[in-house]
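Colleague: give me the fold of what follows.
(2 chains)
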Amino acid sequence: MRNYLIYSFLIILLFSEIDFGQDKNSTLSGFIFDINSGETLIGANIFIKELGVGTASNEYGFYSVSIPSGKYNVEFSFIGYEKQTKLIDLKNSIKQNINLIGKTLNLDEVIVTDTKADQNVKSTEMGTSEIVPKEIEKVPVIFGEKDILKTIQLLPGISSAGEGNSGFIVRGGSADQNLIILDEAPVYNASHLMGFFSVFNSDAIKNAKIIKGISGPEYGGRLSSVLDISMKDGSTKNYSAYGGIGLISSRLTFEGPISENEGSFIFAGRRTYADLFFPLFGDDQLKNSTLYFYDFNGKLNYRLGESDRIFLSGYNGRDIFSFNDEFGFDWGNTTATLRWNQIFSEKLFSNSTLIYSDYNYDINIEDSEQSTTVSSGIRDINFEQDFQYYYNTNSTFKFGINGIYHTFLPGEISVSGTTNFNSKKIDNHYAIEGNAYFGHELKINELLKVNYGARFSSFNLIGSGKIYSFDDEGNLTNTKFYDSGELIKSYNFLEPRFSANYLLDETSSVKLGYAKNTQNIHLVSTASTSTPLDIWQPSTSLVKPEVSNLFSLGYFRNFNNNLYESSIEIYYKDMQNLIEYKNGADIFLNEFIESQLVFGRGWSYGLEFYFEKKVGKFTGWLSYTLSTTQRKFEKINDGKSFPARQDRTHDFSLIGIFNLNDNWSFSANWIYYTGLAATFPSGKYEIAGQTINLYTERNGYRMPDYHRLDLGATYYFNRSDKGEMSLSLSFYNAYARENAYRITFEENEEDPSKTQAIKLALFSIVPSITFNFRF
Amino acid sequence: MKKIFLIILSINIFLGCEEVIELDLNSANPAIVIEANLTNSLEKNFVSITESTDFYNPGNYKTISGAEIIITVNNSTNYILTETSPGKYFNTNLFAVPENKYLIEVNYNDKKYLAISTSPKSLIIDSLNYLLESRPFNKDKKFLELHVFFQDDPNIENYARFVVYKNSEKLDGIFLFDDRLTNGNYIDFFFFNFNDEDFQVGDVISIELNSIDKETHSYFKTLRNARANSSGGPFGSTAPANPETNWNNNALGYFSAFTISEKSIILE
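Modeller: Next comes the predicted model:
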């Protein structure tokens, strides 16, 4: 750890040196805000007209450009905001905060001139999409619960983990290979109610960014993607309240200034209420039962002078299920982030963050004779120090370190009274993770821009703990004991990251990218999506780190003055040390869980096509993925490779939103994909008088192809500067396609000598209605 | 507990829509299926040899006659089994004795199939109890919660399989016990998942507790997956697979030596 600190200080010193050597240039820096709310704007564009150079604001709304002294017309722009041009006389370095004005609702007048609009073509980012909840609120979703995790599934290369499910899979990875961070805190289980809803309340979210593998060196720890979600900061100008009432849940958010222009707060809550109707069934047992989830987001921020800003944000959400005071089951996440933005100099931006994240579940079974409690979880404490150094308009550096202390609580059962069970606690696992990274974005000439860097990651499993060895059959052969703090196993990696952009002309470019990623905490799950009982398993001597190499090549092209943007990307991803359970594995409270695992590799390659119209009366996108995903495990399918369950040859989404006028907007989605790979029997036989299916190969068959249409309509009323109300009606699966959720093979009830396949369709047409308000 | 299960079941019914579909399934070469039970009760002992068939064939499984079967006890005494009806083989002098190790050898069509099973120390049913109630959503049908009480042996790993009979008719379902989390306790083992079976006052319920070895337990545990399995839903196991057998040479089925403890009860 100490070494990383010394390195980073050396780097800071080095940059300070460079600073002294630069006297011809001056630096223009500051923050970009929304004039109405005072929220900082992420990715707003700053363009120096005379020089034809520019930059964009970072994730905290900060920007910095170093250019020769002189008088310049500087354009500040952001999508959905009016462009501002300022004449700036740059004799010395100056700070200039900018307030941009959000465009009015009159959509006819929107003209696309934002320079940000050509980011698609000009940045080095690949396989990256940004989602602003405001932009997606018209996309129809199941039960009318708008959900970031479901919207990203409509992008190329990203697929859902199951019908109506918020779990997602990126480029042939698995659901646990996505790093989901909320204000930098990892969220270990991002779903509610068996995956049907995500834990992210859209009202509290400012921005979400999904990176499908070629991520900057500041991110790490998961193989397949990064989903970086920023909570709103709250308005520094006005107090406001907004929310909605839907079929499933109600939401309410308050935000406002702590003191004007200096600080703000936001509190957002959401709760489902299916169980409030339980008493209506008139059943005494149901009356004493609950079934709901809630989410609570809160954030405070305060500016300490010109160059320092402090944020405190937190999330708590839980699913709570209990039945007649006899059985209780609850699970949920808690995260907290304390962050300090500092502008060391006009060129050096610093971000210091202290993060806490916790996921756990509890099961209680209680009656007059006994009480049994089962619990499990994972807990992280994380410190991060990041720097961004804006050397000049051609060169930006990023570097930083972070240290994470993981505590894994694999499981514990405690009993009292008369019961079958014995009390038992599986020893906690502890790990210290140290990471350091460096990245440089360099514009080599007008046409070529590169972004290169590396991340050094070190994962150290420490005591106290026991290390088990097993024979081939999974029987325990040896136990080794380690004292508290003693190093058990260490894994170190250097992960290079690279992307380059070559401009073919003003509206098209070719990009190339490579990234290596490693993963040291693994979710071993019997299901393909996350369930509340998931166990996070650290890398150990037997469980090796997962490692991936991703190559990507893309062609990006915008049309019609950036009105339309499009891209084609091809990728190849190789994944090592993937984990699956053995057939018939004992998972529940098993201290020998490592003996229940098998290891293998996987690979995926494909082509992703994307076409979007971002502004205007009619907006929407088309996304198409052609891909193959394979797995190869020595102990599965006789060691032969087989298609992964999530292997989808074709995956197509079409989303359209039509804003008819100030009152009405209409939307539609159509989704089609090849049926998932599935294992069906190729024969049958009889054991103990019962018919048993005979399987010859893993995932050798396909589920029927999936498609559905969703429709939505929104009516806005009582619109004013301050607020509005709206009523949304949506139909999920509008033509009631009976998509196969599951196929079972069983005996015919009338004639048990015959066997048949039975398809279960989960959802037919699902109508829903939601009322939203803001004042 | 059981009500939770019923509620979850009914939620499933509200959401789901089931339909029989026709799938184009491959045919597999017929595989040999050897089901071999050696118990302490003569009428439960048998070795049955059949063949697998295609999924959509009617289930008249072809029996295999003319196999040569030898069981060796504790590496010393050999017993030869004789075919008494097509595909069924017996030896009336052989019974399972706890802690004895049995090796079975089946020779058929120039192939030799081997399996080993040890009959563990016996678990003995102490008593039975039950709860018979009307179903919450269908008052005409009765719901049975059955309790089996027995003492687990603290000195060894115990595995058991329960077989349930209603009026001498065997009920569907694979009910398994292991003492990984319950070692040495006085066990109240209860089960209530009898599919749609209807129970009435006066029914005679018999329970067999089979003290099986780890391999047999593993077989039935994985058999449960292969049997009622599903494909495609996110909550099923990742992929169904053939059960983990103790036969070599790709034979299907199992060989198990075990002792049986049995008790009956009349529903009132």
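
Colleague: which residues touch the residue nearest the centre of chain B?
Modeller: Closest to where the C-alpha atoms of chain B average out (C-alpha atoms, centre = their mean) is B:Ile174, at 5.3 Å. With contact taken as C-beta atoms under 8 Å, 6 or more residues apart in numbering or on different chains, B:Ile174 is in contact with B:Arg161, B:Phe220, B:Leu223, B:Arg224, B:Arg227. (Glycine included, C-beta is placed from N, CA and C.)

Colleague: apply 7 Å and report the result again.
Modeller: The neighbours of B:Ile174, taking C-beta atoms under 7 Å, 6 or more residues apart in numbering or on different chains as the test, are B:Phe220, B:Leu223, B:Arg224.

Colleague: repeat that for A:Gly332.
Modeller: Applying C-beta under 7 Å, 6+ apart, one finds that A:Gly332 lies in contact with A:Gly317, A:Arg318, A:Asp319.

Colleague: thinking again about what came up before, roughly how far apart are the residue nearest to the centre of chain B and B:Phe191?
Modeller: Using C-beta to C-beta, to the nearest Å, one obtains 11 Å as the distance from B:Ile174 to B:Phe191.

Colleague: can you count the residues close to A:Phe642?
Modeller: Using other C-beta atoms under 10 Å in any protein chain shown as the criterion, A:Phe642 is surrounded by 21 other residues.

Colleague: quick one: secondary structure of the nearest residue to it once chain neighbours are set aside?
Modeller: Nearest residue to A:Phe642 in three dimensions, chain neighbours excluded: A:Arg698, at 4.3 Å (C-beta to C-beta, 6 or more residues apart in numbering or on different chains). A:Arg698 falls in the coil class when you classify it by DSSP: H, G, I helix; E, B strand; the rest coil.

Colleague: count of residues packed around A:Arg698?
Modeller: 23.

Colleague: for residue 204, give me its contacts.
Modeller: All of this refers to chain A. For A:Ala204, the residues meeting the contact criterion (C-beta under 7 Å, 6+ apart) are A:Met231, A:Lys232, A:Thr253, A:Ile266, A:Ala268, A:Asn297.

Colleague: wait, chain B
Modeller: With contact taken as C-beta under 7 Å, 6+ apart, B:Val204 is in contact with B:Asn167, B:Ser264, B:Ile266.

Colleague: the helices in chain A, which residues?
Modeller: Chain-ordered helices for chain A, with DSSP state H as the definition, fall at A:2-21, A:119-122, A:133-136, A:148-152, A:284-287.

Colleague: least confident of the ones you listed, on average?
Modeller: Sorting these by mean pLDDT places helix A:2-21 lowest, at a mean of 49.

Colleague: point out where the stretch 551-700 of chain A drops to low pLDDT.
Modeller: Applying pLDDT under 70 to the stretch 551-700 of chain A flags no residue at all.

Colleague: residue ranges in the stretch 51-200 of chain A under the pLDDT threshold?
Modeller: By pLDDT under 70, the weakly predicted segments of the stretch 51-200 of chain A are A:104-117.

Colleague: with the stretch 1-150 of chain B instead?
Modeller: Those would be B:1-16, B:135-139, if you go by pLDDT under 70 across the stretch 1-150 of chain B.

Colleague: between the contacts of A:Ala204, which is nearest chain B?
Modeller: Sorting the contacts of A:Ala204 by distance to chain B puts A:Asn297 at the head of the list, at 26.9 Å, by C-beta to the nearest C-beta.

Colleague: all helices in chain B, in order from the N-terminus.
Modeller: According to DSSP H, the helices that chain B contains are B:2-15, B:214-227.

Colleague: so what's the most centrally placed residue in chain A up against?
Modeller: When C-alpha atoms, centre = their mean is applied to chain A, the residue found nearest the centroid is A:Leu227 (2.8 Å). For A:Leu227, the residues meeting the contact criterion (C-beta under 7 Å, 6+ apart) are A:Asn178, A:Leu179, A:Ile180, A:Ala208, A:Ile210.

Colleague: same question for A:Glu218.
Modeller: Taking C-beta under 7 Å, 6+ apart as the contact definition, A:Glu218 lies against A:Asp386, A:Lys398, A:Gly400, A:Tyr437, A:Gly439.

Colleague: where in the stretch 401-550 of chain A is pLDDT low?
Modeller: Applying pLDDT under 70 to the stretch 401-550 of chain A flags residues A:526-531.

Colleague: switch to 80 and redo it
Modeller: Using pLDDT under 80 as the threshold, the predicted model of the stretch 401-550 of chain A has low-confidence ranges A:418-419, A:473, A:524-534.

Colleague: how about the strands in it?
Modeller: Under the criterion DSSP state E, counting those that start in this stretch, strands of the stretch 401-550 of chain A are mapped to A:424-425, A:429-443, A:448-462, A:465-470, A:476-482, A:487-505, A:508-519, A:521-524, A:535-538, A:546-559.

Colleague: a markdown table for these, including distance to chain B?
Modeller: A markdown table is the format used below for the strands of the stretch 401-550 of chain A (distance: least, C-beta to the nearest C-beta, whole Å):
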| stretch | distance to chain B |
| --- | --- |
| strand A:424-425 | 7 |
| strand A:429-443 | 20 |
| strand A:448-462 | 25 |
| strand A:465-470 | 15 |
| strand A:476-482 | 12 |
| strand A:487-505 | 25 |
| strand A:508-519 | 19 |
| strand A:521-524 | 11 |
| strand A:535-538 | 15 |
| strand A:546-559 | 17 |
